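K.L.:
Build me a model:
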Amino acid sequence: MIADKADSFLSAKSAIICVHLRETKQYFMQKITFIFFLFLQTFLFAQESVVLGIQDRHFQQLGMNKSQIEIWEDGMRTSGDKNTFEWWYFDAILADSSKIVIVFYTKPMHKVALANPNPCITVSITKKNGFNFKNYYQIPLAECHFAKEKCEVIMGKSYVKGDLKRYEIHLDLPDIQANLNLVGEVPAWRPGTGHIFFGEQERHFFAWLPSVPKGKIEGTLRYQNNTEKVSGSGYHDHNWGNQNMYKLMNHWYWSRVDLGEYTVIASQIVAQKRFKYTNTPIFMVAKNGEILADSAIEYMKFAPTQREIEPFTKRPLYKQLIFNYDSPTQDYVLTLHQKEIIEKVQFINILKGLKKKLALLFQINPTYLRISGEATLQVSKGGQTETLKGNSIWEQFYFGKNID
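P.N.:
Numbering: from 1, shown residues only. Next up is the predicted model:
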């Protein structure tokens, strides 16, 4: 009798436990299913957008004039806070085919995460005979000034000052001095607001202003106990943003070409994987100072060829870049054919200690290539085709994992 009651009790207890376990299992399965679909929605189906700021709301949001570029736009545009970056870039192709690149940075590229500016200047000179001069100069913040109302960047005894038309570049550094004047021949230009926005809320951006798409540069350079007068074709642009670029962009190609009456700026910017590797094309053609074409979003296609793995950076590199701008009224085909790589940088080599180990662990290794070569521009209109050739400088900046 007692045994029968015990058996009945145990059977009932077991049944209750089985029901409870079954309900618990169902509960956890529901939870797991919910989490799984949340994961899919968040990481697989999330539409992380990339938008070129060309709409009226972008101009209003940024307080920018849609019809005119203003002097303040070439002044300091960031606060210098964590993850912000900013630089003023100048290059020149001289009459003897030498190439000069001078850049004023609020922070080095590998120190964007710093909470305050850490100013520096880089200088690169490449001579036709193969001679290279390249150096990096850290400038104490206390000796620096960045104007907001115009381009007036002072770093120690060196500075750049300008107003979108004329720029004075002065270098007074330990092993190089320069006095250069750049006068614009093509007006300042930007694609829309010049901002590329990333993410649904458009919280992060990369911005770009070609203040002098083409200009005449002349002056003096002194280095290695030698002073020389220089003249040639110059260029200036200004870049800034509010998020580390490797989090936004996978890579880009950028070029500027000066071919007699024609000036061309062409770029292909590829976003990171989380933004579905979205492409942002940029293309501008000017003739005799008048801008003829700049609607790249509608009309430009990028078709690189001759792929190889560059040995130093171990990145895919296309030795020939083709920018095809095909509009209803006129066509432009810009072809860049590589002759030499004049600068190679692996930013991981600049890091030391724990920072370098962490960068290796998370596979963060931005690389930079500055390239020189031959540019060919074909201009087609009304059944007639004109072909122009000359020299050019372009660059590849790779932030993310290799893709093709």
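K.L.:
can you pull out the strands in the stretch 51-200 of the chain?
P.N.:
Ranges of strands within the stretch 51-200 of the chain are 85-94, 99-105, 120-126, 132-138, 144-146, 151-155, 158-162, 166-173, 176-186, 195-198, based on DSSP state E, counting those that start in this stretch.
K.L.:
Between the ones you listed, which one is closest to Arg57.
P.N.:
strand 195-198 (11.0 Å; CB to CB). No exception for glycine: its C-beta is placed from N, CA and C like everyone else's.
K.L.:
Average pLDDT for stretch 184-196, rounded please.
P.N.:
The average of the pLDDT scores along stretch 184-196 is 97.
K.L.:
burial of Arg222, as a residue count?
P.N.:
Other residues near Arg222 number 14, with proximity taken as other CB atoms under 10 Å.
K.L.:
Please name the bridge partners of it.
P.N.:
Gln177, Thr227 (DSSP bridges).
K.L.:
Excluding sequence neighbours, find me the nearest residue to the most centrally placed residue in the chain.
P.N.:
In the chain, the centroid-proximal residue (CA atoms, centre = their mean) is Trp252; its distance is 6.4 Å. Nearest residue to Trp252 in three dimensions, chain neighbours excluded: Ile269, at 4.4 Å (CB to CB, 6 or more residues apart in numbering).
K.L.:
residues touching the one you found, list them.
P.N.:
By CB atoms under 8 Å, 6 or more residues apart in numbering, the contact set of Ile269 is Ile196, Phe206, Met249, Trp252, Asn279, Thr280, Pro281, Ile282.
K.L.:
partner strands of the strand or helix carrying the fourth one, parallel or antiparallel?
P.N.:
It stands for Trp252. Using DSSP states H and E, Trp252 maps to strand 249-259. Strand pairing for strand 249-259, using DSSP bridges, gives strand 262-271 (antiparallel), strand 384-398 (antiparallel).
K.L.:
still on that earlier bit, wait, which of the contacts of Ile269 is closest to Asp331?
P.N.:
Proximity of those to Asp331 (CB to CB) peaks at Pro281, which lies at 15.1 Å.
K.L.:
Beta-bridge partners for that closest one, please?
P.N.:
Under DSSP bridges, the beta-bridge partners of Pro281 are Gln268.
K.L.:
dump the residue contacts of it.
P.N.:
Counting by CB under 8 Å, 6+ apart, Pro281 has contacts Ser267, Gln268, Ile269, Ala296, Ile297, Met300, Lys301, Phe302, Phe323.
K.L.:
With Ile176 instead?
P.N.:
By CB under 8 Å, 6+ apart, the residues touching Ile176 are Val123, Phe133, Asn135, Leu221, Arg222, Tyr223.
K.L.:
quick one: the first one and Phe133 touch, right?
P.N.:
Which is Val123. Yes. The pair Val123 / Phe133 is scored as a contact, 7.2 Å apart, by CB atoms under 8 Å.
K.L.:
Neighbour count: those two, which is higher?
P.N.:
Counted by other CB under 10 Å, Val123 and Phe133 do not tie: Val123 has more neighbours, with 21 against 15.
K.L.:
Please name the bridge partners of that one.
P.N.:
What pairs with Val123, by the bridge criterion (DSSP bridges), is Ile102, Asn135.
K.L.:
domains of this protein?
P.N.:
Listed domain ranges for the chain are 48-243, 247-404 (source: automatic domain parsing).
K.L.:
Ends of the shortest one, what's the gap?
P.N.:
If I follow you right, that is domain 247-404. This stretch, domain 247-404, spans 19 Å end to end (CA to CA, to the nearest Å).
K.L.:
Also stretch 110-122?
P.N.:
Distance between the two ends of stretch 110-122: 14 Å, counting by CA to CA.
K.L.:
Tell me the gap between that stretch and the middle of its chain.
P.N.:
Taking CA atoms, centre = their mean, to the nearest Å, one finds the center of stretch 110-122 at 16 Å from the center of the full chain.
K.L.:
Then stretch 171-185?
P.N.:
The chain centre lies 24 Å from the centre of stretch 171-185; the measure is CA atoms, centre = their mean.
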